[in-house]
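# Please find the sequence and the predicted model below.
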Amino acid sequence: MSGKKFIIKALLIVIVLLISTSTFATAETDKPIYQVVYNSEDVYFVEDLERFREIEHPTVAVALGGGGARALVNIGVLQALEEEMIPVDLVVGTSMGAIVAVLYGSGMSTDQIKELVTKVNLPQMFNLNFPFYKSLLNTREFNQFLEKISGGLDLKDMPIPTALLSFDLTHGVKYIHTTGEISSAVQGPYAIPICFQGQQLGDFFLVDAGMTELTPAGAAKALGADFVIATTAYDELPYTRYDSSIRSTIRLINLIKEEYARRVVDANSDVIIAHDVGDYSFMDFHLASQFIQLGYLETKKIIPQIKAELENRHIALRKPVTKTEIEMEPLLVDLANDRMVLDDFVWKPLFYYGKDHSGFNQSRLQPDCFTPQYGLELGKSHWRTLLITEGTKLDNLEIGVEFKKLTSEIDLIGRVGIDKDELVWEGGFTYYGANYSLFSGLAHLSRANYLHLKGSHQIDLKAFTWTGETDLYYPLITSDSKSVKIAAYQELTYPLSERFDLQSKVLYHNTDILDIPLIYRGLEGNTAGVVQASVESVYNYDFSYSKEILQSILLTGFECTQFIDYQSAGLWAVGVGGSVNFKILGLKPSRFSGYLAYDLHANQPKLDLSIDFSF
């Protein structure tokens, strides 16, 4: 390594440390105030119990069970109950049911909750924890998003009284949360050991109560509910042989969990809404719409029984509480553009393989990169620092610094890096709209200074979806228009049926200062100064039941394509391709793909395989 290159890299690393230096300590939370309640054979420690005893009786509670993605059936349950004017005086949840309980209790309408879970892949907000000794995944971003989308309410101020159930490992008792900020109160109720970090609350150490009470019907009774409607979504394993240690352990845990759950539900519920979702994976969040519909239809079937039981108890039907429409769009835009401002210190490892995640390249169409990229994200509040490099020799080291929310729509962005022993940099402002972004700033690339203007968009209409990005680099020294560098990519997707799409893509660039990806799949593609275009028919198939491999890899579906590619100068290629879509730990969408093309100009075939993996 040359002395100059070593000095530049050392300076870049020092910059990262100076920007991201921050003290981070977890203060011991004061011991909460609680009362002890005995219900059947169980002991519950309950926060602020008197507030629930003051609810007018008779009280109808809905106990929302867990089950990962399968627990999204609870949204359909609540929608059906509202439509039939079944009173809901209290909502109690545990595990994923606690997430639904918080959203519903905050006053969000079921329509908005449906919109949220279908537009947002919730597990994408879980990130690898670092270091791993506390848990595999970090939940800070998810918890704070949940608090923001719920209006920043304290649990005790929910329009619909809401309680969350967790299990205390210190005393071996069940713990019911009824107070506290949502970002804190929700942590213990879904903290599956190993996956998620438990919650320290005074001398209590709280985790997911699923092993002892997967549906919190007993907790609802402990809070004084007179009539309990319980939901269940039990798991079934996708195999019947238990001849490995992992399979036998998981089978044993499931049997114990279900035995406890059935015992509690049977003893404390007046009506049970059971859902046959055992064949689905707990990671199937991309099937949110199906789960919601399933819960809705299952509840509709049992409505006559619920009404009959309520009539026997002299409990009148009534219209649901008027819901306040929450302005979700700004928060969803922030989430889509990674603009969430988090109060906690963020320390997140990064790993990419298959696509180049350099911030200097176009983001809508990333070029292939088969050298592993890895790095680190550090940040707190409005500041975020990203460090990324390739290979093992710190090649192409890059550091990005962002100040989020300079205004509600504008971020300040800067990045500096090393490309072929040359120092490159860029800085400016990005404006974010509902479906577009605009960047304006200065850049130093290929030993020249430029004014950089960039725009990207995604417009979803019924007839088609239009996405694209255009980068314009105007030299600051010369006024020669021929020196202006342009890279423009546009894509239109036309849905022909439920599974078939027609896609058209166009790419033009006249510059080598960016690493421009390939559209033309013949033998002579990606030449500067020419137009590349492609028309594809795409068959999409999402598995009804996602396929699990080794309990960690989730196959979600596949695509098959037929394409015709064109490049100016009379080059044509035709071919077929395909891809398999999967997720690691059910979190980050990844893809393995390939194609076989025939170059009509060279009369030769071309085979290509690629993978896009990020964590």
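Noted; the coordinates are in hand. On a predicted model such as this, the values are computed, not experimentally measured, just so you know.
# the bottom helix or strand of the protein by mean pLDDT?
Within the chain, no helix or strand scores below helix 3-20, which has a mean of 46 by mean pLDDT, DSSP states H and E.
# tell me which strands and helices the next helix-or-strand element following that helix is in contact with?
Sequence-wise, the next helix or strand downstream of helix 3-20 (DSSP states H and E) is strand 34-39. Contacts defined by 3 or more Cβ pairs under 8 Å, 6 or more residues apart in numbering; DSSP states H and E place strand 34-39 against strand 42-47, helix 49-53, helix 217-222. Backbone N, C-alpha and C define where each C-beta goes, glycine included.
# Partner strands of strand 34-39 and their direction?
strand 42-47 (antiparallel) (DSSP bridges).
# now Gly441, nearest residue through space, not along the chain?
Here the nearest residue to Gly441 in space, its sequence neighbours aside, is Gly428; by Cβ to Cβ, 6 or more residues apart in numbering that works out to 1.6 Å.
# Kindly report the same for Gly578.
Cys560 (4.9 Å).
# just Ser437 next, same as before
Closest to Ser437 by Cβ to Cβ, 6+ apart is Ser456, at 5.2 Å.
# Equivalent analysis for Val43, please.
According to Cβ to Cβ, 6+ apart, the nearest residue to Val43 is Val173 (4.6 Å).
# wait, the one you found sits on Glu41?
No. Val173 lies out of contact with Glu41 (Cβ atoms under 8 Å); the separation is 11.8 Å.
# which of those two has more neighbours?
Legend: neighbour count by other Cβ atoms under 10 Å for Val173 and Glu41, higher for Val173 (15 against 9).
# Contacts only, for the more buried one.
Counting by Cβ atoms under 8 Å, 6 or more residues apart in numbering, Val173 touches 43-45, 167.
# for Asn337, same thing?
432, 437.
# tell me the phi and psi of it?
Phi and psi for Asn337, reported as degrees, to the nearest 10, are phi -100, psi 10.
# any low-confidence regions in the stretch 151-300 of the chain?
Scanning the stretch 151-300 of the chain for pLDDT under 70 picks out 235-247, 251.
# for it, what spans make up the strands?
All strands of the stretch 151-300 of the chain, identified by DSSP state E, counting those that start in this stretch, fall at 162-168, 173-177, 199-201, 204-208, 227-232, 271-274.
# highest average neighbour count across those?
A comparison of these by mean neighbour count, using mean count of other Cβ atoms under 10 Å, puts strand 162-168 on top with a mean of 30.
# quick one: Ser534 is in a strand?
Yes. Looking at Ser534 with DSSP: H, G, I helix; E, B strand; the rest coil, it is inside a strand.
# any idea how far it lies from Ala443?
29 Å (Cβ to Cβ, to the nearest Å).
# C-alpha coordinates for stretch 139-150, PDB please?
Output in PDB follows, covering the C-alpha atoms of stretch 139-150 (Å, rounded to 0.1, in the frame of the first residue of the first chain):
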ATOM      1  CA  THR A 139     -35.200  -3.900  17.900                       C
ATOM      2  CA  ARG A 140     -34.600  -0.200  18.600                       C
ATOM      3  CA  GLU A 141     -35.700   1.000  15.200                       C
ATOM      4  CA  PHE A 142     -38.900  -1.100  15.200                       C
ATOM      5  CA  ASN A 143     -39.900  -0.100  18.700                       C
ATOM      6  CA  GLN A 144     -39.500   3.600  18.000                       C
ATOM      7  CA  PHE A 145     -41.300   3.300  14.700                       C
ATOM      8  CA  LEU A 146     -44.200   1.600  16.600                       C
ATOM      9  CA  GLU A 147     -44.300   4.500  19.100                       C
ATOM     10  CA  LYS A 148     -44.300   7.200  16.400                       C
ATOM     11  CA  ILE A 149     -46.900   5.500  14.300                       C
ATOM     12  CA  SER A 150     -49.100   5.200  17.400                       C
END
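# which residues touch Gln373?
Gln373 touches 350-353, 356-357, 388-390, counting by Cβ under 8 Å, 6+ apart.
# distance of the residue sitting nearest the centre point of the chain from Ser614?
Nearest to the mean C-alpha position of the chain, by Cα atoms, centre = their mean, lies Gln124 at 2.4 Å. Distance, Gln124 to Ser614, by Cβ to Cβ: 11 Å.
# what do the two both touch?
The contact sets of Gln124 and Ser614 overlap at Lys588 (Cβ under 8 Å, 6+ apart).
# Quick one, which of the strands of the stretch 151-300 of the chain gets closest to Ile399.
Nearest of the strands of the stretch 151-300 of the chain to Ile399, taken as Cβ to Cβ: strand 199-201 at 34.1 Å.
# partners of that closest one, with directions?
Assessed with DSSP bridges, strand 199-201 is paired to strand 204-208 (antiparallel).
# tilt between the partner strand and strand 162-168?
Interaxial angle, strand 204-208 versus strand 162-168 (axes from the mean of the first three to the mean of the last three Cα atoms, to 10 degrees): 110 degrees.
# ok so, going back, and the helices and strands packed on strand 34-39: which comes nearest Pro605?
helix 217-222 (62.4 Å).
# what does the closest one contact?
Outside helix 217-222, the residues within contact range by Cβ under 8 Å, 6+ apart are 37, 39-40, 42, 44, 46, 61-63, 90, 92, 94, 163, 165, 174, 176, 213, 228, 230, 264-265, 267-269.
# List the buried residues of the helix or strand hosting the residue nearest to Gly578.
For Cys560, the host element (DSSP H and E) is strand 553-567. Neighbour-count burial for strand 553-567 flags 553-554, 556-559, 561, 563, 565-567 (criterion: 16 or more other Cβ atoms under 10 Å).
# Note down every partner strand of it and its orientation.
Strand pairing (DSSP bridges) places strand 553-567 next to strand 531-549 (antiparallel), strand 571-584 (antiparallel).
# And the contacts of the shortest one?
By that I understand strand 571-584. 283, 520-522, 524-525, 552-566, 589-601, 606, 613, 615.
# Over to stretch 153-163?
By Cβ under 8 Å, 6+ apart, stretch 153-163 touches 48, 51-52, 55, 88-93, 101-102, 104-107, 164, 176-182, 185, 216, 219-220, 223, 321, 324.
# May I have that stretch exported as CSV, CA atoms only?
Extracted in CSV, the C-alpha atoms of stretch 153-163 (Å, rounded to 0.1, in the frame of the first residue of the first chain):
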residue,chain,number,x,y,z
LEU,A,153,-48.9,7.8,23.4
ASP,A,154,-48.1,6.4,26.8
LEU,A,155,-49.7,3.0,27.3
LYS,A,156,-51.8,4.3,30.1
ASP,A,157,-53.3,7.0,27.8
MET,A,158,-54.5,4.7,25.1
PRO,A,159,-58.1,5.5,23.9
ILE,A,160,-58.9,1.8,24.2
PRO,A,161,-57.5,0.4,27.5
THR,A,162,-54.5,-1.8,26.5
ALA,A,163,-52.4,-4.3,28.3
